[in-house]
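Q: Need a 3D model of the sequence below.
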Amino acid sequence: MNASALLSALRLPGQKTGFDIGSEVIRRSGADFNSCLHCRCCASGCPFVDAMDFHPHGVIRLLQFKQTEQALSCATIWLCVGCHTCSMACPMAIDIAAIMDALRQIALERQVPAAEPGILWFHREVLNTVARYGRTHKLEIMLRYKVRTRDWFSDMDVGLKMLAKRKLDLMPSRVKDIAKIKHLFSGLGEGRSHAD
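A: The predicted structure follows:
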């Protein structure tokens, strides 16, 4: 019995069948998670593993058992920063960061609510500044985050230190040919805000 047939036989009760998340993740990421040994090397080096609801190998296990809803709604896929520490530690050379990226893409397409909406919002705001200026404007991103969360003073000391060391520009710098940047973002749809 091959691995695919075994996983199919082990399908848990109540699972929905119509969407093969495993095939889609492999297609998008180029990473075959079925070779995972569950040795936990990925978790041992991950800088954010303590905040995750599933360790990286746990997300792979969800994919192997075709637990689509759990894989797409877990916080782990949003907490992963794509540092590739897990991928580098994997003895099977599985690109786990690419798998997490594919899962985020699929979750957005299938309109699965993000388990960490603040992280999703932050990513979108970063893209908004790139769309406007051609590069990020950290001060604007931070100010928009503060307005959204209404957490005004928790890290004000850090912000003041960054300003003093000239790490935060008061005014955004723009690329010379902003039209090329606008062209990159034109595929997102006319009149659509990246923060929607």
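Q: tell me the domain ranges of the protein?
A: Segmentation of the chain into domains, based on automatic domain parsing, reads 3-109, 117-188.
Q: I'd like to know how far the most centrally placed residue in the chain sits from E109.
A: Against the mean C-alpha coordinate of the chain, by CA atoms, centre = their mean, the closest residue is W78 at 4.4 Å. When CB to CB, to the nearest Å is the yardstick, W78 and E109 sit 15 Å from each other. Heads up, the C-betas are built off the backbone N, CA and C, glycines and all.
Q: Also S23?
A: 15 Å.
Q: before we move on, what about V147?
A: 28 Å.
Q: Pretty sure L168 sits against G159.
A: Yes. Using CB atoms under 8 Å as the test, L168 is close enough to G159 to be in contact (7.0 Å).
Q: got any ranges where the chain has weak pLDDT?
A: Applying pLDDT under 70 to the chain flags the ranges 1-18, 188-196.
Q: switch the cut-off to 90
A: 1-20, 45, 116-128, 136, 138-139, 141-196 (pLDDT under 90).
Q: The longest helix along the chain - contacts with which helices or strands?
A: Looking across the chain with DSSP state H, the single longest helix is helix 117-133. Of the remaining helices and strands, those touching helix 117-133 by 3 or more CB pairs under 8 Å, 6 or more residues apart in numbering; DSSP states H and E are helix 76-79, helix 138-149, helix 178-185.
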